[in-house]
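A.B. asks: Here is a sequence together with a model predicted from it:
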Amino acid sequence: MNGKSIAGAVLGIAFFALFAAAALPGTLAWPALAPGDPGVGLALWSDRTFEVLVQAILLLAGVVAILLLLEASIDKEARA
């Protein structure tokens, strides 16, 4: 396996895990919360799960686009 295949596999697994964590029902508590006052943080993030997922996918798309543009310019330089 070359470096691109390994990086692609790691990114794919990471974003699949993120998608699965966002898509699973809320009854599966992960990570487990400690008993006590959850504070304001839980209230801020409870309704933003899918928003964060969409932002992560957009970030991944941007990174992939930049890598593809860099590879295209490297290929063009190698042919010249």
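C.D. replies: Sure, I can see it.
A.B. asks: any weak-confidence spans in this structure?
C.D. replies: Across the chain, the ranges flagged by pLDDT under 70 are 1, 24-46, 75, 80.
A.B. asks: Tell me which other helices or strands the helix ranked longest in it touches.
C.D. replies: Ranked by number of residues, the top helix in the chain under DSSP state H is helix 49-79. Judged by 3 or more Cβ pairs under 8 Å, 6 or more residues apart in numbering; DSSP states H and E, helix 49-79 is in contact with helix 3-23. Quick note: C-beta positions are derived from backbone N, CA and C, even for glycine.
A.B. asks: Need the residues that contact the helix it packs on.
C.D. replies: Contact with helix 3-23 is made by 30, 49-50, 52-53, 56-57, 60, as judged by Cβ atoms under 8 Å, 6 or more residues apart in numbering.
A.B. asks: can you rerun that using 6 Å?
C.D. replies: 49, 53, 56, 60 (Cβ atoms under 6 Å, 6 or more residues apart in numbering).
A.B. asks: Can you go through those and name the buried ones?
C.D. replies: residue 53 (16 or more other Cβ atoms under 10 Å).
A.B. asks: on that earlier part again, what angle do the longest helix of the chain and helix 3-23 make?
C.D. replies: Relative orientation of helix 49-79 and helix 3-23, computed by axes from the mean of the first three to the mean of the last three Cα atoms, to 10 degrees: 170 degrees.
A.B. asks: May I see the buried residues of helix 49-79?
C.D. replies: Judged by neighbour count (16+ other Cβ under 10 Å), helix 49-79 contains these buried residues: residue 53.
A.B. asks: I'd like the distance between residue 59 and residue 2.
C.D. replies: To residue 2, residue 59 is 24 Å away according to Cβ to Cβ, to the nearest Å.
A.B. asks: How many neighbouring residues does residue 3 have?
C.D. replies: Using other Cβ atoms under 10 Å, residue 3 is surrounded by 7 other residues.
A.B. asks: Brilliant, that's me finished.
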